[in-house]
Structures are given as C-alpha cells and as structure tokens.
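Novice: Here is a sequence with its predicted model. Questions after.
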Amino acid sequence: MDTLAADFADRFGSDPDGIWAAPGRVNLIGEHTDYNDGFVLPIALPHLTRAAVALRPDGRIRLASLQAPDGFDGAAPTPGSVPGWSRYVAGVGWAFGEAGHRVPGLDVLIDSNVPVGAGLSSSAALECSVALALSDGLGLALSRAELAHLAQRAENDFAGVPTGLLDQTASLGCTAEHALFLDVRSGAVEQVPFDVRRNGLALLVINTLAHHDLADGQYAARRKSCEEAARRLGVPFLRDATLDDLGRLDGELLQRARHIVTENQRVLDVVDLLHQGAVAGIGPLLTASHASLRDDYEVSCAELDAAVDAALRAGALGARMTGGGFGGSAIALVPVGSVSLVEDAVADAFSKKGFRAPECFTVEAGPGAHRQHV
Ligand code: ADP
Ligand code: MG
C-alpha cells in the first residue's frame, strides 16, 4: 500500500478514494504577462504534491498535510474563515460549490516534495491536486481549463492571494518533454517540444531561498501600473500595445509597459525557436527577459541577480529569474557538461556575498496533474 494511503487510513480511519498528484512549475519565459492577457511558457516540474482524498456525505471537511502542523476540521468554510495553508484546499471545495458543484464533505491528506515558497508554485500544485480529485470524485470530468479557473478562484477569492492563471494552467495542463504555450486571452494552449537532454543541455533551477517581504505589495503595484498604462494607451490590456505605442508613455509606466510588450514578443520568439528544435538558441532570450525584469519591471533582487550573473559567467547559455520575483528561484540553461561548474559558481558567488547557500537541481519537463494508481 502507498504510504500516503496508509497515513490517510491511520489519520482518518478509512481508506482514501484515491490519490491525485499535481506538479509545481517553472516558467521558462513570459513573466508578469499573464495578468496582462499575454503569453506564458511554463514546464511542469518533476516535483509533485499528492492529495489522498475521500469524499464524505456529512458536510464535514478535514484537511491535513505531512508538511504543515495545523489543519482544518469544520464545515462549509467561507472566504476569510480558514487560516493558514488549509485555505488553499478549502478554497477549492468552495470554488466548486460556487460553480454549482456541491462538495458533500471531504477528508484530505497532503504530501509534497515541491519546494514551498520558492516561486515554483507549491500553492497551485496543492490546489490542482485537490481540484482534479474533486472533479474525478464527483464524476464531473471538468476540462483542464475549467479546473485551472476553479483553482485560481480558490487562490484569489478564498485564500486572498491575487495571482494570474499561469500557475494553475501549468500544473494541470503541462505534458512531459514539452513546455506549455498559453495565450491567456484566448485560453488556447499548445504543447511545444522541450527536451533539454536530447539537446545536450540541462535546465538548472537555482532556489535562492530568499524571500523579500515586499513581494506581495509590489505585485499589486505592478498590476496597477499595467492597468494604468493600458488605460493611458486606450487598450484593454498591455497585450494589445505595440513598441510604437510606448512612445506615448514615460517614466515608470513606460518601463513597466516596455517589459510586458517585449516579454510577450520574447515568448513568441522562444516558441518559434523550440518548434525549430533550436533549444540552445533560446538562451539569449532568457537572459534578455531577466534584464527586462531587473531594469524595467524592477522585480528582481540581489540574490536573483547574483544567481543569473554567476551562471552566465560560468557558461550558462541563458539565465533568468522565474516567478513573481523578490526572491524565489532562477533558471539557467546549461550545457550538460557545465552543470557542476555553474552550480559551484553560483554557490561561490552566494558565499562571497554572504547569502545563504542556494539549492540547485536540474529538471526535465514532467507530466501535469494526474490520478495515481495505488
Ligand atoms: P509558492 O507557490 O511559490 O510555493 P506561495 O506563497 O504561493 O509560494 O505558496 C506557498 C504556501 O502554499 C505555503 O505557505 C502553504 O500555505 C501552502 N502549501 C504549499 N505546499 C504545501 C504543503 N505540502 N502542505 C501544506 N501547505 C502547503
Ligand atoms: Mg504560489
């Protein structure tokens, strides 16, 4: 028996209906573009959050995690009423209810190896594992796009964390050996081949372990700036702005808008290169994305810049911060033979600057959320 199923039975007194798994993600490129109706290109990490789940008939909801001490035991939770991590899971049940899919009651036990708070979307992995479990358990067969919207609703409107659709779409929609190209406006997704190993490359994730408290406030401020820039340009979203339009902006709004406009184009260029099989060719676009996030969008930080600079100096073909910024993780595209050199260079740079030693690991694009047969 799967040890998670055994833990579930120990804790709740009966077997789970099943175990559902959903991955964390890294965004290859397309940062802060999702809430501008633009383009993103994530891959699923091999790291998974697993949810052992049983529906129950009596309205009671019990939530527990092997990674977190507190849980939840109650009924009919409403936004704001659930503290801590449980709100991400309770929020999924609530979002299903809001969409007309009543959840009768629920026992959930979570286990995960997705790094938490590292910009790798452990929160989406948590939501999406439970969303898929509910869809299967209630016999709803909801589409991946519908599930992503329900999971996003849980995070935005129940957990109270304003995020775009990138994380949930990635966790639910990615497939192994591919990056997922999402046009947030149309919801259209395309699987784009991304097999680093076959190209003699590795994708290195550098978790800086840094987390700067300004992240939340600055995220909200960036969203506001983008809305304001779009308003001044007379377009619905910055997705609709062109480089020529930017001449009508100045100062901070110009910088913010220039990042979004150029970043959307970089996503399209990377997708083209990947379709041509030119994986190594995307390196300079990754690095240009970092420069834009650092200089125009101003969401990088000393640790992320140090990781990117050291990786590039040690032979990475491209490197950038990934995720919202102000800490979290960077990625570097590295020739397989140079992986340890790059890891050592990053560790060395961190130590010289007095930063905590980062955690580095290579990843290949893994599968999206799925039921596990146990
Ligand atoms: P990220 O999504 O980048 O990892 P977030 O701050 O968005 O960072 O989400 C992290 C939060 O998600 C944690 O603080 C916790 O509340 C919740 N979480 C993620 N994974 C787990 C887990 N395995 N068990 C309990 N809570 C988790
Ligand atoms: Mg998150």
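Specialist: That came through, no problem. Quick caveat: nothing in here was measured; it's all calculated off a predicted structure. Numbering: from 1, shown residues only. Ligands and ions are numbered 1, 2, ... in the order given.
Novice: What values do phi and psi take at Leu172?
Specialist: For Leu172, the backbone dihedrals (degrees, to the nearest 10) come out as phi -90, psi -30.
Novice: the strands in the stretch 251-374 of the chain, which residues?
Specialist: 318-322, 327-335, 359-363, 370-372 (DSSP state E, counting those that start in this stretch).
Novice: Most tightly packed of the ones you listed?
Specialist: Mean neighbours per residue, mean count of other Cβ atoms under 10 Å, is largest over the strands of the stretch 251-374 of the chain for strand 318-322, with a mean of 28. For glycine as for every other residue, the C-beta is placed from the backbone atoms N, C-alpha and C.
Novice: Can you spell out which helices and strands pack onto that strand?
Specialist: Counting contacts by 3 or more Cβ pairs under 8 Å, 6 or more residues apart in numbering; DSSP states H and E, strand 318-322 packs against strand 18-29, helix 283-295, helix 302-313, strand 327-335.
Novice: re the thing from before, CSV for the strands of the stretch 251-374 of the chain, including mean pLDDT and distance to Gly105?
Specialist: As requested, these are arranged in CSV below (pLDDT from 0 to 100; distance: least, Cβ to Cβ, whole Å):
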stretch, mean pLDDT, distance to Gly105
strand 318-322, 98, 38
strand 327-335, 98, 36
strand 359-363, 98, 37
strand 370-372, 97, 20
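Novice: out of the ones you listed, which comes closest to ligand 2?
Specialist: Ligand 2 lies closest, by Cβ to the ion, to one member of the strands of the stretch 251-374 of the chain: strand 327-335, at 9.5 Å.
Novice: which secondary structure elements does the closest one contact?
Specialist: Short answer (3+ Cβ pairs under 8 Å, 6+ apart): strand 327-335 packs on strand 18-29, strand 201-211, helix 283-295, helix 302-313, strand 318-322.
Novice: Run a quick neighbour tally on the closest residue to ligand 2 within the chain.
Specialist: In the chain, the residue that lies nearest ligand 2 is Ser123 (3.3 Å; Cβ to the ion). With neighbours defined by other Cβ atoms under 10 Å, the count for Ser123 comes to 24.
Novice: In contact with the nearest residue to it once chain neighbours are set aside: list those residues for me.
Specialist: With Cβ to Cβ, 6 or more residues apart in numbering as the criterion, Ser123 has its nearest non-adjacent residue at 5.6 Å, and that residue is Tyr88. Neighbouring residues of Tyr88 by Cβ atoms under 8 Å, 6 or more residues apart in numbering: 123, 126-127, 154-155, 159.
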